[in-house]
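Structure here, sequence nowhere to be found:
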């Protein structure tokens, strides 16, 4: 009986060990699956991050190009504004001085001075029109000299 019990106990003990090994194998298997799943998730995350970085790099390049273009446009607008301000000031001086003030004379070149001396009409609308015509001619001369 003792030997029979021993055999029964030994058999039960062995079954428990097999069950423990199977349980351990299942736990180990789950652990390995979880590790693999985590590796795949990390790989997908790295790929998403890389794609996002590439997209941001393209966007930076586009925005840098647009910024350069806008800065050039702004510079051109500032130069045009300065030119128009100077032109406006010159026209105001011509209009208010009647063509004889030293400030107006200093702002004009020789051809414009001669033209003004030859003109006898002193009415305000005519002075403005003549001054505008003189400025247009000066601009045309400047454009011609700039294109050369």
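Nice, thanks for sending it over. Predicted, not measured: the structure shown is a model, and the values here were computed from it.

For this protein, which segments are assigned as helices?
Here the chain has its helices, by DSSP state H, at 2-97, 102-107, 110-118, 124-147.

What is the neighbour count of residue 87?
17 (other C-beta atoms under 10 Å). In this view, the C-beta of every residue, glycine as well, is placed from N, C-alpha and C.

Least confident of the helices of the chain, on average?
Taking the average pLDDT of each of those, the minimum falls on helix 102-107, with a mean of 48.

Give me the distance between residue 132 and residue 81.
In this structure, residue 132 and residue 81 are separated by 18 Å, where distance is defined by C-beta to C-beta, to the nearest Å.

The two: who's more crowded?
With other C-beta under 10 Å as the criterion, residue 132 and residue 81 differ in neighbour count, and residue 132 comes out ahead with 13 against 10.

hang on, isn't that one packed against residue 91?
Yes - taking C-beta atoms under 8 Å as the contact criterion, residue 132 and residue 91 are neighbours in contact, 7.0 Å apart.

What distance do you get for residue 132 to residue 88?
Residue 132 is 11 Å from residue 88, by C-beta to C-beta.

typo on my end, residue 76
Separation of residue 76 from residue 88 (C-beta to C-beta): 18 Å.

Number of residues surrounding residue 95?
If you count neighbours by other C-beta under 10 Å, residue 95 ends up with 14.

For residue 91, grab the count of nearby residues.
18.

just residue 50 next, same as before
The criterion is other C-beta under 10 Å. On that basis, residue 50 has 10 neighbouring residues.

now swap in residue 56 and tell me
By the criterion of other C-beta under 10 Å, residue 56 has 10 neighbours.

before we move on, what about the one 5 residues further on?
For residue 61, the number of neighbouring residues by other C-beta under 10 Å comes to 10.

likewise residue 15?
10.

Check the spacing between it and residue 9 real quick.
In this structure, residue 15 and residue 9 are 11 Å apart, going by C-beta to C-beta.

Which residues does stretch 37-55 contact?
Residues lying outside stretch 37-55 but in contact with it, judged by C-beta atoms under 8 Å, 6 or more residues apart in numbering, are absent altogether.

Buried residues of it, list them for me.
Burial within stretch 37-55, assessed by neighbour count using 16 or more other C-beta atoms under 10 Å, is assigned to no residue.

Show the contacting residues for residue 140.
When the contact criterion is C-beta under 8 Å, 6+ apart, residue 140 has no partners at all.

Thanks a lot, catch you later.
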